[in-house]
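>>> Following is a predicted model, sequence given first.
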Amino acid sequence: MITRDELRAHLTHRRPGVTSDEDWGQLTVITEYKDLPIEGKRVMDVGGNIGAFAIRASLEGCELVKTYEPEHDNFHTLTQHVKGLSNVEICNAALTNDPTGTPKKLWLTGTGTMGSCSTTEFRGRTPINIVTINFMEELEKYEFTSIKMDCEGEEWALLGENTLPMYVTDVVAELHFTKRYWREQHYPSLLRHMRHQGFYEHKMPKSTGKNFHTIAHWRR
């Protein structure tokens with residue numbers, strides 16, 4: 001596994017109005033996804049932000065990492081960061097359960113901090129228009145074996161409403177609890193759904209309450 005200093009050395013570009021300290025918060029991809037199999041794997045990066053995870057996956061010897069990032073400033077910075085990495089593919093779109101090409105709104109926070117955005121509407125956020133790619137079609141096209149997911153609420157639909165192909169052996173997702181129905185309804189339902197598919201909790205997610213998130217790692 002690469003070190004924080006090695007990863008930081010590759011994060012040389014900045015999003016507009018963002019300090020290096022804010023972007024270096026992306027270094028948490030080392031610890032948050034520390035047990036996700038990468039070397040020799042085909043990895044799906046759902047919510048690529050500025051490319052920190054994609055860089056890590058590339059340097060740790062993945063066969064392929066494809067990273068999906070719908071927010072334009074994030075994607076521009078991501079493009080600069082992964083330039084020249086032959087085992088990285090990038091896509092300026094959101095993964096959803098909608099048919100590929102379906103227009104959708106992306107809701108941006110009022111600040112540039114961490115480039116946070118969501119396909120879920122939040123009061124006080126600014127909407128922009130984006131296009132979508134169907135999650136399952138993309139998964140089956142590339143036969144990804146490992147999935148890293150940080151998509152600010154869309155994880156409940158992507159994981160909770162689909163049955164993952166058997167070649168997917170590891171899923172690490174950041175689960176968000178901002179909405180009451182996410183933490184009270186989707187959370188227990190998702191645990192049951194993943195177990196029904198033969199996954200066990202390599203890292204058990206814990207519901208942390210309103211406005212918080214947690215990391216879950218499922219493996220089979």
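The structure has been received and is ready for your questions.
>>> so how many other residues sit close to the residue nearest to residue 214 when sequence neighbours are not counted?
Among residues not flanking residue 214 along the chain, residue 205 sits closest, at 4.7 Å (Cβ to Cβ, 6 or more residues apart in numbering). Heads up, the C-betas are built off the backbone N, CA and C, glycines and all. Residue 205: 20 surrounding residues under other Cβ atoms under 10 Å.
>>> What of residue 174?
Residue 174: 21 neighbours (other Cβ under 10 Å).
>>> per-residue pLDDT, it?
Looking at residue 174, its pLDDT is 95.
>>> Give me the buried positions along the helix or strand of the chain with the lowest mean pLDDT.
Ranked by mean pLDDT, DSSP states H and E, the weakest helix or strand in the chain is helix 20-23, scoring a mean of 77. Neighbour counts using 16 or more other Cβ atoms under 10 Å place 22, 23 of helix 20-23 among the buried residues.
>>> now it: how far from the chain's centre is it?
Relative to its parent chain, helix 20-23 has a centroid offset of 19 Å by Cα atoms, centre = their mean, to the nearest Å.
>>> what does the very next helix or strand once past that helix contact?
Toward the C-terminus, helix 20-23 is succeeded by helix 29-32 as the next helix or strand (DSSP states H and E). For helix 29-32, contacts defined as Cβ atoms under 8 Å, 6 or more residues apart in numbering pick out 1, 2, 3, 4, 7, 52, 53, 56, 148, 172, 174, 215.
>>> Out of those residues, name the ones that lie in helices.
The helices, defined by DSSP state H, take in 4, 7, 52, 53, 56 from these.
>>> Surely the third one is in contact with residue 26?
Looking back up the chat, that one is residue 52. Yes: Residue 52 lies in contact with residue 26 (Cβ atoms under 8 Å); the separation is 3.6 Å.
>>> Compare neighbour counts for these two and give me the winner.
Neighbour count, other Cβ under 10 Å: between residue 52 and residue 26, residue 52 has more, with 25 against 21.
>>> Please tell me how far that one sits from residue 168.
Using Cβ to Cβ, to the nearest Å, residue 52 is found at 22 Å from residue 168.
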